[in-house]
Structure formats: structure tokens, C-alpha cells
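Q: Fold the following.
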Amino acid sequence: MIRIVLILVSTLAFSACKEEGPTASRQTSPRGLEYTLIHMPAIKDVTIQVAWPTDWAYRADVNQAAPYIGAQLILVGGAEGFQAGDVGERFADLNSEGNLTSTVDHVLGELTFEKDHMDETIAVANAHLRAPGLGEIWFERIRDGIALNMAEKQSQPAHRGFDAVRWAVFGDQPLRNALSLDGPGTFQDLTRADVVAWHSRTITRTPDAIVVAGGINASEAGMALDGLFEGLPEAGAILAQKAAAAYSPRRILLHIPDAEVTSLAFVAPLPPTRKGGELEDLILVDALGGGNQDALFEAIRTGLRATYAFGAGIGNYSREHRFLFMTGAIEAEKLSEAEQVVRETYAAFRQVGPKQDLADHKAPLATSFSQLSDFVLDQARSEMQAALDGFGPGSSLSLSDELADVTLSDVVKRLDEGFPDPDSFLVIAVSADADALPGACIISNPREAADCP
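A: As a prediction, the model looks like this:
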């Protein structure tokens with residue numbers, strides 16, 4: 001679901017013109033950088049998207065917080081020729097935007113600008129990528145801010161429930177701490193030197209994928225990319241991005257005496273998006289738990305007469321570890337009954353599929369896809385995710401046609417072959433009542449979930 005969900009939630013900025021439709025091609029810059037060009041004629045805005053591979057989240061010999069602090073620090077901590085904090089004001093003057101986002105598999109870079117300001121924007125971005133100052137004061141400010149934010153989240157019962165899921169699935173592997181950032185010393189022991197080491201290993205001239213989109217031709221895009229990557233080192237070898245996932249069916253109750261709300265979650269694996277089937281997945285999840293007419297809503301609110309809603313969605317721990325979840329709040333006295341109702345509802349859904357017309361579930365996706373080329377960022381982000389999944393240039397341009405071709409038999413086949421069996425879910429409840437889920441493995445700390453049989 002990666003390439004599509006990013007479309008649905010992305011910021012609607014840098015609007016494109018629709019005089020002519022966009023086209024896609026595979027290009028190589030004068031200095032050998034391969035990229036996908038989405039040419040969107042007659043507009044002035046351009047975005048460059050870069051995905052640098054990283055193995056940081058899979059290594060036991062590094063601090064897992066470094067990528068998150070580093071991604072922010074690069075752009076605000078100064079650079080060769082720039083004082084710390086200056087880039088925000090400079091970009092604002094140019095009407096340009098830039099940011100780095102760290103995930104467990106990639107560092108995603110975005111640089112968006114008006115074409116008339118391309119050269120200066122590229123120069124500012126290159127300085128910060130190539131020779132960042134990574135100032136100590138800004139380092140401490142960002143580190144302490146993220147640490148405080150994570151501590152606040154980790155105090156919330158619902159958040160601790162999903163921390164317990166990650167402990168159950170990954171145990172004491174580096175990837176788990178890269179996702180939760182709650183290991184001993186994760187923030188306290190982090191130093192500027194850790195971020196320097198992360199930067200030198202990660203920000204190179206050898207990304208996994210580059211996408212350029214907007215009113216720019218191949219010659220201009222190639223020169224811009226060569227300027228952006230000027231002086232960056234070649235990448236060294238990285239470790240395999242592998243982690244063992246244990247989704248074995250278990251029933252776990254995280255007992256939090258002061259929890260004001262009882263929650264229930266079902267989690268089971270789905271195939272990664274690189275294997276296809278993403279459109280069918282989104283249709284199915286919408287029918288299962290996407291609104292007030294879906295299967296779970298009807299079962300929980302109408303059948304069980306519970307006060308709270310229950311929904312379904314798709315998440316990603318990494319590009320390889322993708323999962324289906326069903327979750328919601330429930331009255332503590334109805335928790336055990338709700339577990340059974342959800343199981344029965346999912347089992348019935350897996351047998352018969354969506355009850356509503358397929359067109360009803362396609363409609364919101366069709367609307368989003370039809371508007372995709374209105375926005376440079378949306379188009380480029382979708383194309384980037386498709387590229388990282390191994391799909392060919394222009395995949396983001398064919399989503400409407402792909403959706404139109406999806407049939408009910410395709411959806412039913414995907415449900416049968418790609419969705420988990422009803423009995424294969426990992427179940428996590430969070431409640432102030434330790435007896436609310438009879439027979440469950442009762443824990444008082446998320447990390448204890450790794451030991452539940």
C-alpha cells in the first residue's frame with residue numbers, strides 16, 4: 001500500500017497545470033545518475049525525490065536514534081557557507097521546500113522549488129548534504145525534543161500496546177528499537193559523532209532511486225541532479241536489510257492499572273507491495289473496516305452494541321514487513337466477547353468478500369488517482385514508491401487504468417490468497433482489568449510480550 005497511501009495523505013502543494021498530461025521516461029544525467037523523469041508540461045514547479053538506502057535499523061553496533069536526529073539536523077545545523085538555522089529563511093525567500101525523512105530502509109529526500117529558483121535552491125541543498133555543520137547546539141535541541149516526544153507517546157496506553165506488538169513480532173532485534181526508540185540509552189547515549197557517522201555512510205551519490213517531476217526537461221533535470229550530488233561520496237557496502245518476524249498466533253493482555261480505555265488489536269502479515277495486489281488490498285480493507293458501513297462497524301456497533309468503533313488498516317514495519325490490523329477501543333466488560341465477534345466477522349468476510357458494490361469501494365481511490373497529476377509532489381511521491389518496489393517508469397501514471405481493470409474476481413482471489421487465515425492473528429489487548437481476556441498471556445511491560453508463548 002506504500003505508493004498509494006502516500007497519495008491519499010500527502011500535502012496538497014505545488015499545484016500543476018493540466019494543459020497536457022504528464023509523461024514518464026528513464027534518463028541518465030551527464031555524470032551518470034540514473035533517474036525517472038515525470039515531465040509535466042507548462043508548469044514552473046519542480047520536485048526532486050531521492051531515496052538513499054540504509055542498513056542502520058538492522059545493525060546492533062549503532063545507535064538507532066541517529067537517523068531521526070540526523071535527518072532534521074542536516075538541514076538546520078548549518079553547512080559550508082551557511083550559518084545554522086539559515087536554510088529555513090533562505091528557502092522561504094525562494095519559495096522552495098526541502099526535507100529529509102528517515103525510515104528503516106531509506107532516507108527520503110525531497111527538494112521542491114520554482115524553476116526560476118532552481119540553481120540557488122540546488123546550491124543550498126548541495127552544501128547541506130555534502131558538508132553539513134551538524135552544530136552541537138542544534139543537535140542537542142533536536143535530540144532532546146524527539147526524546148521528550150517519544151517519552152510522552154510511550155506513556156500512552158494505546159502506544160504501549162503497539163510497542164508490545166513489536167516486541168512480540170521482532171523481540172530484541174535492532175529493527176524493533178529502530179521502530180520504537182525505547183531501548184536503554186537510545187537518546188541519552190547518542191552523540192553528535194553518531195550522527196556524523198550516519199551521515200557519512202548514508203548520504204552518498206548512490207541512491208536506490210531518483211525521481212524528478214515538473215516542468216523540466218531531461219537536460220535541465222540532469223544538470224540539476226549533478227549539481228545536487230556534487231561532491232558526495234560513492235556508497236560503501238551495506239548490510240542485508242533483514243529481520244526475523246514472528247507473527248505466531250498469541251493472545252496477550254497488557255495490564256495497565258490506570259488505563260482509562262480498553263483497546264483490542266489483531267495483527268497478521270500481508271505480502272509486501274513489490275509483489276503486487278495493492279489496489280485489491282485497499283478495496284478489501286475499506287470493505288472490512290474503512291467506514292460506518294463496513295463489516296467490522298456493523299458487527300461491533302450494531303451487533304455487539306458497543307460504544308466504540310472498530311476499524312481495519314494496513315501498516316508497514318519495513319518494506320518487507322507489511323501487516324493487516326484490526327483495532328479499536330471497547331468496553332472492558334465486553335472485551336472477551338468483542339474478540340470472538342471480530343474473529344467471526346473476519347472469518348465470514350474472508351469467505352464472502354465485500355458486501356457493497358465494487359464501484360463503491362473504488363470511488364474514493366478513483367477520485368484520488370484522477371487528481372494525482374494536479375500536484376507535483378503527489379505524482380513524484382507515488383512514482384518514487386513504485387520505483388522502490390521495482391515497477392517501471394511511469395507506474396504512477398497508470399493507477400487509474402489499473403483500478404478500472406480490477407474485477408470482483410481479482411478482489412476475491414486476493415482475499416483468498418493474500419490475506420491471513422482467521423486463526424493466524426496476534427491479538428493484543430490493553431486494559432486496566434487484568435482478567436478482561438481470559439486465557440491470555442498477561443504482561444505489565446511491553447517487552448514481556450516477546451516471552452508470551
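Q: And the strands in the stretch 101-250 of the chain, which stretches?
A: Along the stretch 101-250 of the chain, counting by DSSP state E, counting those that start in this stretch, strands occupy 106-114, 209-214.
Q: Tell me which of the ones you listed lies nearest to Phe297.
A: strand 106-114 (33.9 Å; C-beta to C-beta). In short, each C-beta sits where N, CA and C put it, glycine included.
Q: and that closest one, C-alpha only, in PDB?
A: Extracted in PDB, the C-alpha atoms of strand 106-114 (Å, rounded to 0.1, in the frame of the first residue of the first chain):
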ATOM      1  CA  HIS A 106      15.700   4.500   3.300                       C
ATOM      2  CA  VAL A 107      16.300   8.200   3.900                       C
ATOM      3  CA  LEU A 108      13.900  10.000   1.700                       C
ATOM      4  CA  GLY A 109      14.900  13.400   0.400                       C
ATOM      5  CA  GLU A 110      12.500  16.000  -1.100                       C
ATOM      6  CA  LEU A 111      13.500  19.200  -2.800                       C
ATOM      7  CA  THR A 112      10.700  21.300  -4.400                       C
ATOM      8  CA  PHE A 113      11.100  24.700  -6.000                       C
ATOM      9  CA  GLU A 114      10.100  27.100  -8.700                       C
END
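Q: residues in contact with it?
A: Residues from elsewhere that reach strand 106-114, judged by C-beta atoms under 8 Å, 6 or more residues apart in numbering: 13-14, 44-54, 67, 71, 94-102, 121-122, 125, 129, 202-203, 208, 228, 376-377, 384, 388.
Q: likewise stretch 399-417?
A: Contacts for stretch 399-417 (C-beta under 8 Å, 6+ apart): 4, 277, 279-281, 283-284, 349-350, 353-354, 358, 362, 365-366, 369-370, 372, 382.
Q: Also stretch 75-82?
A: Contacts of stretch 75-82 (C-beta under 8 Å, 6+ apart): 84-88, 90, 98-100, 124, 127-128, 130-135, 138-139, 142.
Q: Can you flag the buried ones in those?
A: Neighbour counting over the contacts of stretch 75-82 (16 or more other C-beta atoms under 10 Å) leaves 84, 87, 98, 100, 124, 127-128, 130, 132-135, 138-139, 142 as the buried ones.
Q: surely Tyr58 meets Ala244?
A: No: counting by C-beta atoms under 8 Å, Tyr58 stays clear of Ala244, with 11.0 Å between them.
Q: Who has more neighbours out of the two?
A: Tyr58 (21 against 10; other C-beta atoms under 10 Å).
Q: Please report phi then psi for that one.
A: As for Tyr58, its main-chain torsions (degrees, to the nearest 10) stand at phi -110, psi 10.
Q: Pull the contacting residues for it.
A: Val104, Pro174, Leu175, Ala178, Leu239, Ala240, Gln241, Lys242, Ala243.
Q: Of all pairs in these, which one spans the longest distance?
A: Longest distance between any two of the contacts of Tyr58 is 15.0 Å, between Ala178 and Ala240; criterion C-beta to C-beta.
Q: the more surrounded of those two?
A: Ala178 (28 against 7).
Q: I figured the more buried one hits Arg59, correct?
A: No: under the criterion of C-beta under 8 Å, Ala178 makes no contact with Arg59, lying 9.2 Å away.
Q: thinking again about what came up before, among the strands of the stretch 101-250 of the chain, which comes closest to Phe310?
A: Once the strands of the stretch 101-250 of the chain are compared by C-beta to C-beta, strand 106-114 is nearest, at 32.2 Å.
Q: May I see the buried residues of the closest one?
A: His106, Val107, Leu108, Gly109, Glu110, Leu111, Thr112, Phe113, Glu114.
Q: still on that earlier bit, including mean pLDDT, could the strands of the stretch 101-250 of the chain go into TSV?
A: Output for the strands of the stretch 101-250 of the chain, formatted as TSV (pLDDT from 0 to 100):
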stretch	mean pLDDT
strand 106-114	98
strand 209-214	98
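Q: okay if I get the ones you listed as CSV plus distance to Ala329?
A: Below are those laid out as CSV (distance: least, C-beta to C-beta, whole Å):
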stretch, distance to Ala329
strand 106-114, 32
strand 209-214, 39
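Q: Show me the shaky parts of this structure.
A: Applying pLDDT under 70 to the chain flags the ranges 1-19.
Q: repeat that with 50
A: Along the chain, segments meeting pLDDT under 50 span 1, 7-18.
Q: Select from the contacts of Tyr58 the one having the most neighbours.
A: Counting neighbours by other C-beta under 10 Å, the top entry in the contacts of Tyr58 is Ala178, with 28 neighbours.
Q: Report the contact partners of the spatially closest residue to that one that is not a sequence neighbour.
A: Among residues not flanking Ala178 along the chain, Ala57 sits closest, at 3.5 Å (C-beta to C-beta, 6 or more residues apart in numbering). Residues near Ala57 by C-beta under 8 Å, 6+ apart: Gln64, Pro67, Val104, Asp105, Pro174, Leu175, Ala178, Leu179, Gln241, Ser318.
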